[in-house]
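J.: What would the 3D arrangement of this be:
(chains A and B, ligands or ions: 2)
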Number of protein chains: 2
Amino acid sequence: MELLFLGTGAGVPAKQRNVSSLALELLQERGAVWLFDCGEATQHQILHTTVKPRRIEKIFITHLHGDHIYGLPGFLGSRSFQGGESLLTVYGPKGIKEFIEVTLAVSQTHLQYPLEIVEIEEESESGTIFEDETFSVEFGKLEHGILSYGYRVVEKDLPGSLDVQRLKELNIPPGPHYQQLKEGKEVVLKDGRLINGQEFVGEPKKGKVITVLGDTRKCMQSVQLAMHANVLVHEATFAAGDEELAYNYFHSTAKEAAEIAKTASAERLILSHISSRYQGDAVSRLAEGAKEIFPNTDIAEDLKRFTIS
Amino acid sequence: MELLFLGTGAGVPAKQRNVSSLALELLQERGAVWLFDCGEATQHQILHTTVKPRRIEKIFITHLHGDHIYGLPGFLGSRSFQGGESLLTVYGPKGIKEFIEVTLAVSQTHLQYPLEIVEIEEESESGTIFEDETFSVEFGKLEHGILSYGYRVVEKDLPGSLDVQRLKELNIPPGPHYQQLKEGKEVVLKDGRLINGQEFVGEPKKGKVITVLGDTRKCMQSVQLAMHANVLVHEATFAAGDEELAYNYFHSTAKEAAEIAKTASAERLILSHISSRYQGDAVSRLAEGAKEIFPNTDIAEDLKRFTIS
Ligand SMILES: [Zn+2]
Ligand SMILES: [Zn+2]
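T.: Ligands and ions are numbered 1, 2, ... in the order given. Okay, the predicted model is just below:
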């Protein structure tokens, strides 16, 4: 599982940082990549990575500000042009459907793959927007003036692995009964021995939790979404000291993001949505301020990859 | 007057060539820049140039395919964010208004400058879409499956310059009467001499004609629009030999573009909208084929500038 930042800037593109987009690579887990937001030129950023547009299975939009959605029509069209045929699902606030449908219709873009658009019900403060056998995704409403959501991606616990080494030592040969043992069942061998699978299966492996928040003020919903997360991706549009400014503009400071991570007992914090006002040393200071409160903090950069292990 | 190519590719962005956009810099002529098409990441390309978004006065959209318009909402928003306050006018086919209005409304983008959107009447084959004291812009309907237009920018002839040197030699001192002389009028000096301005004014300077075409098959309308143009910018999505393919996909080959330039007696041809199928030597061959028919041919490249003198 890897997080690959495609755009880590705020508001308008700059040479150093493009507008928002983040890829969650789930190649081992489900042979797929999920995107969070799709600012203008996200498809251009992807050209500089190993991400295959046809592998992108889901796009979660946090909110409808232009710097988070203007790359969507181009990405959707190019995914089709480049031979993507599998279902793509876009999740987002009410309005995302109109945006996609009008932009594709006006430009007469006809996708060669099925596109599903799931709008979050405006009334819901939080809920589950997707669930299958291996993952679920929860959402929660943040505070950003415009409807803005955070997403909590929960990988389901993986069953413990079978201790094949010990089975072999006990002269229990491989065969279909290994699957039953792995499921913790009892098996009677040809030689009459009764083997209890539970004795040979290790602890279940805890699934990962990744929380990606849209633009927001410091708010309690963020804590909920980030509770015990392995990684929290939080915006840091302002530096510590500018809390009042951040509040007025419905954004957060790096310090506030660190406070959220700490309160939620998250493992790791990655700051993104960095204003182009901060360059070089100013970015380092942004990080330092946050680290005083939450030491395991990193600053995202365009095309920077974080392995989640 | 300069042409600065911002995106010269076809269909989808590639590392070498972004999707379509072209800046016509009229800094000396009117302190303004005009854009032709605005594909995704046009504002990103502008970051690598000296073009100031607030200087962009007019945007002419040739057609509504995504690779020609998906950069428009982002550009419009950023121009506002960066302090642009002057009127911006967008010209284009029917539908461009809906595209702009829906994308700005969904993203709650509130521009801090007046935006005027002028849609070309679908029924008109050709006409004049803009005219003031120094420029006019004509449009003509091309052949591209979807409504696609070519634009002919006509700079009005500049009055000849006053031969100040000769006036001084004749002891005619500078003053308000210089303006009258410049306009070709007769002036009576204090010393009683009658001076005829026409004898001191040089030949009017012919205004430039720049023709920028949208995607199109080879068609007669292109010849009309490019007649005696100083520069013709024509698409070349395919190479010579692929005429049938080009016809079927409503595009042109480099050779067909050269034939248009020749028939129209244009001065200079610049090929753009180059497919990423053509790289390196293949691009040179594209040019060679065109030059056999029309020697004064160039291939556009992203961020390449052509001075029109
Ligand atoms: Zn934002
Ligand atoms: Zn095109």
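
J.: Tell me how far A:Gln279 lies from B:Glu85.
T.: Applying Cβ to Cβ, to the nearest Å, one obtains 26 Å for the distance of A:Gln279 from B:Glu85. (Glycine included, C-beta is placed from N, CA and C.)

J.: cool, and A:Glu244?
T.: Counting by Cβ to Cβ, the gap between A:Glu244 and B:Glu85 amounts to 28 Å.

J.: Also A:Asn171?
T.: Using Cβ to Cβ, A:Asn171 is found at 84 Å from B:Glu85.

J.: Ok, A:Gly77 next?
T.: In this structure, A:Gly77 lies at 33 Å from B:Glu85, with Cβ to Cβ as the measure.

J.: do A:Arg55 as well
T.: With distances defined as Cβ to Cβ, the gap from A:Arg55 to B:Glu85 amounts to 44 Å.

J.: what does A:Phe294 give?
T.: Using Cβ to Cβ, we find A:Phe294 at a distance of 42 Å from B:Glu85.

J.: element containing the residue of the stretch 101-250 of chain A found nearest ligand 1, please.
T.: Proximity to ligand 1, evaluated over the stretch 101-250 of chain A using Cβ to the ion, is greatest for A:Asp215 at 4.5 Å. Assigned by DSSP states H and E, A:Asp215 belongs to neither a helix nor a strand.

J.: For A:Glu98, the count of nearby residues, please.
T.: By other Cβ atoms under 10 Å in any protein chain shown, 16 other residues sit near A:Glu98.

J.: What about it? Give its phi and psi, please.
T.: Backbone torsions of A:Glu98, given as degrees, to the nearest 10, read phi -60, psi -40.

J.: That one contacts B:Val102, correct?
T.: Yes: with contact taken as Cβ atoms under 8 Å, A:Glu98 and B:Val102 are classed as touching, separated by 6.6 Å.

J.: So what touches the worst-scoring helix or strand of chain A on mean pLDDT?
T.: Between all helices and strands in chain A, the lowest mean by mean pLDDT, DSSP states H and E belongs to helix A:177-182, at a mean of 88. Helix A:177-182 is touched from outside by A:159, A:161-162, A:164, A:167, A:187, A:189, A:195, A:197, A:200-201, with contacts defined as Cβ atoms under 8 Å, 6 or more residues apart in numbering or on different chains.

J.: Which of those ranks first by neighbour count?
T.: Among these, A:Phe200 has more neighbours than the rest - 21 neighbours, counting by other Cβ under 10 Å.

J.: how far away is that residue from chain B?
T.: Counting by Cβ to the nearest Cβ, to the nearest Å, the gap between A:Phe200 and chain B amounts to 52 Å.

J.: again, but for A:Ala10
T.: Distance from A:Ala10 to chain B, counting by Cβ to the nearest Cβ: 11 Å.

J.: so what's that residue up against?
T.: In this structure, A:Ala10 makes contact with A:17, A:19-20, A:67, A:235, A:237, A:251, A:273-276, judged by Cβ under 8 Å, 6+ apart.

J.: how about the residues of chain A that lie near ligand 1?
T.: Contact residues of chain A with respect to ligand 1, defined by Cβ under 5 Å from the ion, are listed as A:65, A:67, A:215.

J.: Out of the residues you listed, flag the one nearest to chain B.
T.: Of all the residues of chain A next to ligand 1, the one sitting nearest chain B is A:His65; the distance, using Cβ to the nearest Cβ, is 5.6 Å.
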